[in-house]
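Participant: Need coordinates for the below:
(one chain, ligands or ions: 1)
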Amino acid sequence: MIEEDSGEPKSRRRSLPQDYDGDDVGDVGVIIKGQVYPYIEKNPLDSISLTGFLLGGTVGLSIGLLPHSFFKNFNIYLVAVSVFHFLEFYTTAKYNPGKVTSDSFLFNNGKAYTFSFVFAVSEALLESIFFDWKTRFSSWYHTTAAIIGLMLMLLGQYIRTSAMITAGRSFSHQVKTSQNPDHVLITTGIYAQLRHPSYFGYFWWALGTQLWLMNPVSFALFAYVLWKFFHSRINYEERYLNSFFGEEYTKYTQNVGVGIPFIS
Ligand SMILES: C[S@@+](CC[C@H](N)C(=O)[O-])C[C@H]1O[C@@H](n2cnc3c(N)ncnc32)[C@H](O)[C@@H]1O
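Facilitator: This next block holds a predicted model:
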């Protein structure tokens, strides 16, 4: 591939592998004058701008209505969920533009995801109407659960976003079953501390949201469903990572853990 002068400041360009010789990067991106751009057909600007507007609107309304809300944790939860979906798209667009599509908002995440979200919201709202322990922080253990939940949400989001930034073009929302030319093994930054930091981040963020909402039933449901999901996902993903990177990946798995209980 020939790097032509795009006229862009060098700091804004992303360098490509020296031996890479193609017009597309990853799945959908295109290279124009040496720079990776998102594939326009997979990024309809009308729906992306509308999604951004709706996410921003949800954040604004949730914060604006805080003084009138009888269950303020719920407003903050909506902010956290909106920020999560925004960051999924934004981080992919900025650090992995060859793979960004309108699906990068991660709304189409399967029936289990939608069901869990609706279940958690229903539990939060129903219990907040019928039980005052939820809205009045009436005991130390409710307060403690909510504070731990908030800390897990912040930590989980930070680690997930850091993972997406660190992995860059090696990150993809779908598990790769064949190796792209720009897919390299990442073992530095947050990947030096955790083997699957984006899964670690999401696992603890999601459990944190249920502690923050003081949702006992959803917390148990999320713990079970997420653990099962990530257990089989990691097994599946690592089969391919082993075939892409061989010995190098085996060594990495021996030195770096996952950080999700009972998953080694
Ligand atoms: C949704 S990303 C999740 C990445 C990683 N499991 C994590 O939790 O941060 C899935 C893609 O990342 C790739 N991947 C996972 N770990 C990787 C690593 N250490 N280096 C490079 N690619 C990796 C997999 O091949 C897969 O296609």
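
Participant: Not counting stretch 73-86 itself, show me its contacts.
Facilitator: Applying CB atoms under 8 Å, 6 or more residues apart in numbering, the contact partners of stretch 73-86 are 52, 55-56, 58-59, 62-63, 65-66, 69, 105-107, 117, 124-125, 128, 146, 150, 153, 157, 205, 209, 212-214. No exception for glycine: its C-beta is placed from N, CA and C like everyone else's.

Participant: How far off centre is that stretch?
Facilitator: A distance of 13 Å separates the centroid of the chain from that of stretch 73-86, by CA atoms, centre = their mean, to the nearest Å.

Participant: Show me which positions of that stretch end up buried.
Facilitator: Within stretch 73-86, the residues that qualify as buried are 73-86, counting by 16 or more other CB atoms under 10 Å.

Participant: do the same with stretch 189-208
Facilitator: Result for stretch 189-208 [16+ other CB under 10 Å]: buried residues 190-191, 194-208.

Participant: which of those are close to the ligand?
Facilitator: Tyr191, His196, Pro197, Ser198, Tyr199 (CB under 6 Å from any ligand atom).

Participant: Go ahead and confirm the last one touches Arg233.
Facilitator: Going back to what we said before, that points to Tyr199. Yes: the criterion here is CB atoms under 8 Å, and Tyr199 meets it with Arg233 at 7.0 Å.

Participant: Enumerate the residues of the chain near the ligand.
Facilitator: Within the chain, the residues that sit near the ligand (CB under 6 Å from any ligand atom) are 163, 167, 170-173, 175-176, 185-186, 191, 196-199, 237, 240-241.

Participant: Filter those down to the buried ones, PyMOL style.
Facilitator: Filtering those down to the buried ones (16+ other CB under 10 Å) takes a single PyMOL command:
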select buried, resi 163+167+170+171+172+173+176+186+191+196+197+198+199+237+241
